[in-house]
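**Student:** The sequence and its predicted three-dimensional model are supplied below.
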Amino acid sequence: MSRPKFPENAWFGVIADYYNLVADTTEAPEEFIWAGIVGVLSALAAASVGIPWGPQLMRPILYLCLLGETGRSRKTTSVDDARSLILEPLAPRSQQAGEPDPLEIVNGSGSGEGLIDVLADREWFPEGADKKARPNIQTGRRAVFLFDEFGALLGKAGRDQAGDLIGFMLKAFDMPQELKHSTRSRKVICTNATATIIAASTAAYLSKGLSEDLIQAGLLNRFLFVQGGRGDPLPIRPAIDAEQHRQLLGRVAAALSAVMGKPMSLSPEAVAVNDARYRLDHGRQESSDLLAAATNRTPVMAVRLSMLFAVADGTSTISGEHMTAGWDVAEYGRLVAADLVDQVHDKTWKEAEARLVSRAMRVAQTSSGTFTKTEVRDGVKGSHGMDAGTFNRIWESLIRAGDFVPVGDTGRFRVAENRGTA
């Protein structure tokens, strides 16, 4: 299947400047260069930028996932470049000795508890202070979580080997003012914290780690998926121009400074664009409940992207162009997510079909080579089993395909010889 075309109107201000700095020095496709810098802008701006949204501020928190071939598409390279060139030089630092830096860059933490610990309110003492005195408490902590192989991490989560990883991701996307988490030994509180996630995987590997349950829980709809292929070959990677890099850092810092602490607003043009696009999205009838669950945060993603585009231009007013591009990129991400949903559905169907056939063959071994629909159904249902609707659809599919063959009018069936030996 061909990749959706990435929107050409998503290159604003310092996003375009960053592309111009690195594009000739990397094999990474333009989609991944864009994702790297936008993820970094989210990390730098989300704690201090927001738009009034109901009873609270919507912040431009993004979860990004880069999808491409292993090695050749330079997913990790794109993220590492944006990290080293922009994020690390501009990350906020502590104001006095003893105080922890308010933003942490975390590579591949594998459990929900580990992620929460990074964002938790942190006790600290000024240098030379009496440790028996009451500590200072740092709140408003920020983190960028980088996952080199997101599919593997989701696989761990599916085997209950990653703590409350999924629960954390679901909550942190719309981070409450106070997030509480209790373990057997202690209670953790995250006050006004923000988390950006930048992940990478191949589509095939990610679909193996994903399940329909995770999609229905809302994990997929919190991610903007960006797909890229191989860039042009570059046998020797040129150095980044130091002076151009210095100038870009100045422009990014100036753009952030221009919007920090200011409530963002929508121009009349942005309101009109969002109204029209929202109504179209609201009226869309997805082809399945699973696809709807995977894409029902498209409007939220569009607004958050438009906020970051305004940040890139150094303005707190979201223009019609910003909002149009936000919706275009969000719709692009929806198309990539839809392809993932198809892969997960196909995988789930094949696994369920194999389970049903296996049960039928086990019954047949003890019943003179035949089985009834009820006997097979009783073996695959249960609290963690196959629901009746899925069972009936797969059963009818196997009947139509000739894999299950009726034995006269007895109500019993046998497994076709070619299916039983496959």
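**Tutor:** Everything's here; your move.

**Student:** Quick one: the strands in the stretch 251-400 of the chain, in order.
**Tutor:** 265-266, 317-318, 371-372 (DSSP state E, counting those that start in this stretch).

**Student:** Could you export these to JSON lines, including columns for mean pLDDT and distance to V405?
**Tutor:** (C-beta placed from N, C-alpha, C; glycine too.) Below are the strands of the stretch 251-400 of the chain laid out as JSON lines (pLDDT from 0 to 100; distance: least, C-beta to C-beta, whole Å):
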{"stretch": "strand 265-266", "mean pLDDT": "96", "distance to V405": "63"}
{"stretch": "strand 317-318", "mean pLDDT": "98", "distance to V405": "62"}
{"stretch": "strand 371-372", "mean pLDDT": "94", "distance to V405": "11"}
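
**Student:** where does the chain have low pLDDT?
**Tutor:** Low-confidence segments of the chain (pLDDT under 70): 1-2, 71-73, 109-110, 158-162, 183-185, 382-385, 419-422.

**Student:** how is it carved up into domains?
**Tutor:** Following automatic domain parsing, the chain resolves into domains at 13-345, 366-420.

**Student:** Could you dump these into JSON lines and include distance to L356 and mean neighbour count?
**Tutor:** Formatted as JSON lines, the domains of the chain follow (distance: least, C-beta to C-beta, whole Å; neighbours: other C-beta atoms under 10 Å):
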{"stretch": "domain 13-345", "distance to L356": "16", "mean neighbour count": "18"}
{"stretch": "domain 366-420", "distance to L356": "5", "mean neighbour count": "14"}
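
**Student:** Next, format those domains as CSV and append distance to R3.
**Tutor:** Output for those, formatted as CSV (distance: least, C-beta to C-beta, whole Å):
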stretch, distance to R3
domain 13-345, 5
domain 366-420, 30
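
**Student:** Of these, which is nearest E353?
**Tutor:** domain 366-420 (5.3 Å; C-beta to C-beta).

**Student:** Please compute how far the closest one lies from its chain's middle.
**Tutor:** For domain 366-420, the gap between its own C-alpha mean and the chain's C-alpha mean amounts to 38 Å (C-alpha atoms, centre = their mean, to the nearest Å).

**Student:** if we can go back for a sec, among the domains of the chain, which comes closest to P7?
**Tutor:** Of the domains of the chain, nearest to P7 by C-beta to C-beta is domain 13-345, at 4.0 Å.

**Student:** what about that closest one, how long is it end to end?
**Tutor:** With C-alpha to C-alpha, to the nearest Å applied, domain 13-345 spans 39 Å between its terminal residues.

**Student:** Kindly report the same for stretch 26-33.
**Tutor:** End-to-end span of stretch 26-33 (C-alpha to C-alpha): 9 Å.

**Student:** contacts for that stretch?
**Tutor:** 6, 18-19, 22-23, 66, 68, 72-75, 77-79, 81, 226-234, 237 (C-beta atoms under 8 Å, 6 or more residues apart in numbering).

**Student:** Isn't L66 up against G229?
**Tutor:** No - assessed by C-beta atoms under 8 Å, L66 is found out of contact with G229, at 11.7 Å.

**Student:** Make a markdown table out of the strands of the stretch 251-400 of the chain and add distance to D346.
**Tutor:** Shown next, in a markdown table, are those (distance: least, C-beta to C-beta, whole Å):
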| stretch | distance to D346 |
| --- | --- |
| strand 265-266 | 40 |
| strand 317-318 | 39 |
| strand 371-372 | 26 |
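
**Student:** Lovely, talk soon.
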